[in-house]
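Visitor: only the shape, not the letters, is given here:
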């Protein structure tokens, strides 16, 4: 049976709608005075992301984070639906405050300006509660100002960015209302205004390409600072030029395809400039946005028939290479899609074309292409990873986001998979410092202060191995076998039910280090999670979990069947 369907754009997407796109679609329609075609289906999709702690996750089964929680709750509010478990949500949100006055995406992570924005708006606009200790937050935000006047993602880290200016300015307004801003206000306003290009559009930072996302963030940030762009009419002209015949908008000049996020950005920018969208234009934009809704669910970024994503497309590439009879017969369209997702807009690989680059997606794309003898531009990957490292030594999902272990190992392994020496393209001492903060006894946690897991431990061991601490990695790696489940495979801890993700991470680490793999135990485990032609994440589920689980399961199955010549495993993280 074919495990995936090739889309018209040559890519593959995961079966479910995307939270990021669903938020942008609902918000755009709300601004236009419109609704989705199936409001209740969108509400059900959003509610499916809520966890028992009251927060929401990017995908079902993942831990709650502030980013996903804001997107879900704001969308529910726009759709006229109450936010369930609001008291639990408030208790969980309080745990994201950090010792230095900021907010983190999840409890235990370092603070970043993305999280400050989402957390303060959750408090003020969704929960209708005051933001705790606004003075402390103001001190943290003040320290994020760069010497040039712009805001960075966190104190002492990265270059200034228009998005950071937007998130900081609106976080302060949510926390402190009309109180004087904590920055050198004139310098911040001038830096933001300086990002308007000669063409009229805005860029994220000097040297980058003008795009609709930057335009919206810039004018909204300036408005929050009681200012505006130097040349609003030239900006209006640039925005008008982004309109395409289908009624939507493109991200930047020459992109040539409309999508939900571009519509969100342009409508938001026009709204901020005080412009009214004409009724005929409003109807056309709303129709374009509605066309991106999946049946009985939320939204993707464009026509669902051509809305691939890099994780699913990379997984399909790997599955096709492992099972030629189960794919499309040729990996050519998949390869081209992944190569095209390495856009000139940013040096990492986008999750969806035109969206910001993400470190896990970059790793998956590099590994999948390498499995079929193809590659991406290694110099671009190296530059991007080098600029991604945070002040605490770790890496986040994307530029400016707080560090976590999955992102850190993905960054290091993406360099290695590209043929670059990780020690030459990172600050190794910083990575070791972040790993030490994640360590708990002889185990590692996904973020500092969280519960240690076997998957995080396996990932940390691989980073140690790649950064020259081979003896320490071998010592820790030798302890993994004792954590195996009697059922076969591995779970989050030795006491818990084995699952596919934990098993893949541990077996991959054993394989990389040349340690023995219990193939009999692996076969027993795989028999419990194989469901028809696919794989479930847990033996308790009898439903195939989709293409990403299938990609991991197919690799483990190939290894389990290869006593004489062990099959390779790709370095893939989720």
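Guide: Looks like it arrived, so ask away. The shown structure was predicted, so the numbers you read here are calculated from the model rather than taken from an experiment. Residues are numbered from 1 along each chain as shown.

Visitor: how far away is the closest residue to residue 521 other than its chain neighbours from residue 560?
Guide: Once flanking residues are discounted, residue 521 sits nearest to residue 488: 4.1 Å by Cβ to Cβ, 6 or more residues apart in numbering. For the C-beta atoms, the positions are set from N, CA and C on the backbone; glycine is no exception. Distance check for residue 488 against residue 560: by Cβ to Cβ, to the nearest Å, it reads 10 Å.

Visitor: one more: residue 261?
Guide: 41 Å.

Visitor: neighbour-wise, which of those two wins?
Guide: residue 261 (25 against 22; other Cβ atoms under 10 Å).

Visitor: which SSE is that one in?
Guide: Element membership for residue 261, per DSSP states H and E: helix 260-272.

Visitor: show me what the very next helix or strand once past that helix is packed against.
Guide: Scanning forward in sequence from helix 260-272 by DSSP H and E, the next helix or strand is helix 279-290. Judged by 3 or more Cβ pairs under 8 Å, 6 or more residues apart in numbering; DSSP states H and E, helix 279-290 is in contact with helix 19-31, helix 260-272.

Visitor: okay if I get those as a markdown table plus distance to residue 179 and mean pLDDT?
Guide: Formatted as a markdown table, the helices and strands packed on helix 279-290 follow (distance: least, Cβ to Cβ, whole Å; pLDDT from 0 to 100):
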| stretch | distance to residue 179 | mean pLDDT |
| --- | --- | --- |
| helix 19-31 | 27 | 97 |
| helix 260-272 | 21 | 97 |
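
Visitor: okay, strands next: where are they in the stretch 51-200 of the chain?
Guide: According to DSSP state E, counting those that start in this stretch, the stretch 51-200 of the chain carries no segments that qualify as strands.

Visitor: got it, and the stretch 351-500 of the chain?
Guide: 439-440, 443-444.

Visitor: overlap in contacts of residue 488 and residue 560?
Guide: 522-523, 526 (Cβ atoms under 8 Å, 6 or more residues apart in numbering).

Visitor: ok, those residues vs residue 26, which is closest?
Guide: Proximity of these to residue 26 (Cβ to Cβ) peaks at residue 526, which lies at 39.8 Å.

Visitor: what mean pLDDT does the host helix or strand of that closest one have?
Guide: Following DSSP H and E, one finds residue 526 within helix 519-529. Averaged across helix 519-529, pLDDT comes to 97.

Visitor: thinking again about what came up before, so which of the helices and strands packed on helix 279-290 gets nearest residue 314?
Guide: It is, among those and with distance given as Cβ to Cβ, helix 19-31, at 18.3 Å.

Visitor: going on from that closest one, what's the next piece of helix or strand?
Guide: With DSSP H and E, the next secondary element past helix 19-31 is helix 39-47.

Visitor: just say which of the strands of the stretch 351-500 of the chain is most tucked in.
Guide: strand 443-444 (a mean of 23; mean count of other Cβ atoms under 10 Å).

Visitor: tell me what it is packed against?
Guide: helix 454-466.

Visitor: now do residue 106 against residue 163, distance only.
Guide: 20 Å.

Visitor: low-confidence stretches in the stretch 301-450 of the chain?
Guide: 324-329 (pLDDT under 70).

Visitor: residue ranges for the helices of it, please.
Guide: 310-322, 332-340, 359-371, 378-388, 405-417, 422-425, 428-438 (DSSP state H, counting those that start in this stretch).

Visitor: and the first one, what does it pack onto?
Guide: Meaning helix 310-322. Short answer (3+ Cβ pairs under 8 Å, 6+ apart): helix 310-322 packs on helix 332-340, helix 359-371, helix 547-560.

Visitor: for these, which one sits closest to residue 279?
Guide: Going by Cβ to Cβ, the one of the helices and strands packed on helix 310-322 nearest residue 279 is helix 332-340, 36.3 Å.

Visitor: how much does the closest one deviate in direction from helix 310-322?
Guide: For helix 332-340 against helix 310-322, the angle by axes from the mean of the first three to the mean of the last three Cα atoms, to 10 degrees is 140 degrees.

Visitor: ok, and what's touching helix 332-340?
Guide: 6, 9-12, 308, 310, 313-314, 316-317, 320, 328, 349, 353, 365, 368-369, 372, 374, 376.

Visitor: go on, stretch 418-430?
Guide: 366, 375-376, 378, 381-382, 385-386, 389, 392-394, 411-412, 415-416, 466-468.

Visitor: kindly give a single ChimeraX line that selects the buried subset of these.
Guide: This is the ChimeraX syntax for the buried subset of those, where burial follows 16 or more other Cβ atoms under 10 Å:
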select :366,376,381,382,385,386,389,392,393,394,411,412,415,416,466,467
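
Visitor: residue 332 and residue 500, how far apart?
Guide: 29 Å.

Visitor: and those two? Which one has more around it.
Guide: residue 500 (26 against 13).

Visitor: measure the more buried one to residue 406 for me?
Guide: 16 Å.

Visitor: show me where pLDDT drops low in the stretch 51-200 of the chain?
Guide: Using pLDDT under 70, the stretch 51-200 of the chain has no residue that qualifies.

Visitor: residue 154 bridge partners, please.
Guide: Judged by DSSP bridges, the bridge partners of residue 154 are residue 157.

Visitor: swap that for residue 250, please
Guide: Under DSSP bridges, the beta-bridge partners of residue 250 are residue 258.

Visitor: and for it, the neighbour number?
Guide: Counted with other Cβ under 10 Å, residue 250 comes out at 21.

Visitor: am I right that it is in contact with residue 265?
Guide: No: using Cβ atoms under 8 Å, residue 250 is not in contact with residue 265; the gap is 10.5 Å.

Visitor: who touches both of those two?
Guide: residue 212.

Visitor: what's the closest of the shared contacts of residue 488 and residue 560 to residue 201?
Guide: Distances from residue 201 to the shared contacts of residue 488 and residue 560, taken by Cβ to Cβ, are shortest for residue 526, at 51.7 Å.

Visitor: which residues sit in contact with that closest one?
Guide: So residue 526 contacts 488-489, 535, 553, 556-557, 560 (Cβ under 8 Å, 6+ apart).

Visitor: please redo it, this time with the cut-off set to 6 Å
Guide: residue 557 (Cβ atoms under 6 Å, 6 or more residues apart in numbering).

Visitor: how near is it to residue 557?
Guide: 6 Å.

Visitor: next: residue 337.
Guide: Taken as Cβ to Cβ, the span from residue 337 to residue 557 is 25 Å.

Visitor: higher neighbour count, these two?
Guide: residue 337 (24 against 18).

Visitor: to residue 222, which of the helices of the stretch 301-450 of the chain lies closest?
Guide: helix 378-388 (25.6 Å).

Visitor: without its sequence neighbours, what residue ends up closest to residue 347?
Guide: residue 384 is the one closest to residue 347 (Cβ to Cβ, 6+ apart), at 3.5 Å.

Visitor: next, count neighbours for that neighbour.
Guide: 21.

Visitor: is it in contact with residue 348, as I believe?
Guide: Yes: counting by Cβ atoms under 6 Å, residue 348 is a contact partner of residue 384 at 4.4 Å.

Visitor: and residue 100, what is it in contact with?
Guide: residue 140.

Visitor: do you know how far it is from residue 374?
Guide: On the measure of Cβ to Cβ, residue 100 and residue 374 end up 44 Å apart.

Visitor: many thanks, I have nothing further to ask.
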